[in-house]
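In: Kindly generate the corresponding structure for this input.
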Amino acid sequence: MDDVTRDLLIIGAGPTGLFSAYYAGFRGMSVAVVDSLPELGGQITAMYPEKAILDVAGFPSVKGRDLVAGLVEQAATADPTYLLDRTATTLEHHDDHVVVTLDDDTRVRAGAVLITSGIGKFSPRPLPAGDGWVGRGMEFFVPSFAPYAGKDVVIVGGGDSAFDWAQHLEPIAASVTLVHRREAFRAHERTVEAVKDSSVEIITSAQVTALRGEAHLEEVEVSVDGQEPRTLPAQALVAALGFIADLGAIQQWGLVTEKRHVVVDSAMRTNLPRVFAAGDITDYPGKVRLIAVGFGEAATAVNNAAVAIDPSAHVFPGHSSEG
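Out: Now for the predicted structure:
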């Protein structure tokens with residue numbers, strides 16, 4: 001691809017990145033958006049398109065895929081240039097712009113960079129007993145519920161993903177069993193209570209120690225502390241054990257980070273000139289990692305980037321509802 005010149009380069013095409021693209025267009029900027037995934041929507045599209053999202057203002061509940069569709073439509077008003085299935089590698093600083101090189105050697109010249117890449121590049125934590133079972137009954141994500149209809153499903157994990165999938169699969173699966181190695185859970189309390197009140201069997205202080213079947217999964221062995229192992233029928237197993245996150249090449253840019261998050265100030269500025277960040281990738285005192293928070297940070301970052309790009313601009317653009 002030919003080199004690209006835009007006012008703002010956004011790294012990350014998840015919800016925060018898409019809203020940033022819209023808002024940059026609202027501020028009159030030209031925009032390019034790069035993402036290592038081949039589709040827009042980030043982790044939501046890759047892992048949770050059917051998940052009900054409950055923390056977006058104005059939507060009591062919205063499916064992940066519907067939220068992404070709305071954000072893509074909104075971002076289209078900025079006519080962004082999407083550079084998908086490629087990764088930002090190097091950053092060069094110049095007096096009045098930066099240049100970011102991608103892994104396909106495309107060079108993007110921009111007045112500022114906004115990093116909205118969430119947890120960065122991610123890979124699922126493996127299930128020790130699941131080696132060789134991916135695609136034969138074991139998966140790490142549930143992008144669609146339909147394939148689980150009428151099946152005995154075992155979900156391994158105790159976080160939000162495990163409980164969300166248990167809650168959504170319970171009405172359509174023949175049975176759902178959730179296995180967690182601890183007594184306590186990391187998931188949202190309301191979701192935990194809903195799953196406890198459902199037909200889902202929850203087995204704690206336990207681990208899945210074996211998967212069995214011929215061509216496809218037929219049963220799993222669950223070892224419970226202090227008890228004899230149990231054998232459960234299972235035609236599907238979801239290993240919801242979290243992810244190993246990697247910020248990738250941007251870790252080499254000289255950004256100040258804290259536990260794999262980029263430290264920003266109240267204007268969403270990083271320690272590097274013309275480089276801003278917003279969304280789950282950021283860290284500052286009192287940080288709350290919610291989609292709703294990311295949207296607000298996106299507006300803050302874009303408005304402050306506008307001044308970095310054009311010193312005669314104002315941080316506050318006026319209200320979008322004004323005529």
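In: C-alpha from now on. contacts and neighbour counts both.
Out: OK.
In: Stretch 177-184: how far from the chain's middle?
Out: Chain-centre distance of stretch 177-184: 24 Å, with Cα atoms, centre = their mean, to the nearest Å.
In: ends of it, how far apart?
Out: 16 Å (Cα to Cα, to the nearest Å).
In: as a whole number, average confidence for it?
Out: If you average the pLDDT over stretch 177-184, you get 96.
In: Can you list the buried residues in that stretch?
Out: Residues Thr177, Leu178, Val179, His180, Arg181 are the ones in stretch 177-184 that count as buried (16 or more other Cα atoms under 10 Å).
In: just stretch 308-323 next, same as before
Out: Per 16+ other Cα under 10 Å, stretch 308-323 contains these buried residues: Ala308, Ile309, Val315.
In: What is the lowest-pLDDT residue among those residues?
Out: Checking pLDDT across the buried residues of stretch 308-323, the minimum falls on Val315 at 93.
In: Would you mind measuring from that one to Thr106?
Out: Val315 is 31 Å from Thr106, by Cα to Cα.
In: ok so, going back, can you list which of the buried residues of stretch 177-184 are found in strands?
Out: In strands, judged by DSSP state E, the following of those are found: Thr177, Leu178, Val179.
In: Dump the residues you listed to JSON lines, plus distance to Thr231.
Out: Shown next, in JSON lines, are those (distance: Cα to Cα, whole Å):
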{"residue": "Thr177", "distance to Thr231": "12"}
{"residue": "Leu178", "distance to Thr231": "14"}
{"residue": "Val179", "distance to Thr231": "12"}
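In: any idea which of these is the one closest to Ala298?
Out: Leu178 (36.3 Å; Cα to Cα).
In: Quick one: residues contacting the closest one.
Out: For Leu178, the contacting residues are Val154, Ile155, Val156, Gly157, Ala162, Ala166, Val200, Glu201, Ile202, Ile203, by Cα atoms under 8 Å, 6 or more residues apart in numbering.
In: who wins for neighbours among the residues you listed?
Out: Ala166 (30 neighbours; other Cα atoms under 10 Å).
In: Buried residues of the host helix or strand of that residue, list them for me.
Out: Assigned by DSSP states H and E, Ala166 belongs to helix 160-169. Buried residues in helix 160-169, counted by 16+ other Cα under 10 Å: Asp160, Ser161, Ala162, Phe163, Asp164, Trp165, Ala166, Gln167, Leu169.
In: Quick check: closest non-adjacent residue to Ala277.
Out: By the measure of Cα to Cα, 6 or more residues apart in numbering, the closest residue to Ala277 outside its immediate chain neighbours is Ile115, 4.4 Å from it.
In: I'd guessed the one you found sits against Ala278; true?
Out: Yes - assessed by Cα atoms under 8 Å, Ile115 is found in contact with Ala278 at 6.4 Å.
In: Got the domain ranges for this structure?
Out: 4-122+243-309, 126-239 (automatic domain parsing).
In: Deepest in the core, which of those is it.
Out: domain 4-122+243-309 (a mean of 20; mean count of other Cα atoms under 10 Å).
In: what about the helices in the chain?
Out: Along the chain, the segments classed as helices by DSSP state H run 15-26, 42-47, 64-75, 160-169, 189-196, 291-309.
In: closest to Val142 out of those helices?
Out: helix 42-47 (6.3 Å).
In: Mean confidence (pLDDT) on the closest one, please.
Out: Over the span of helix 42-47, the pLDDT mean works out to 81.
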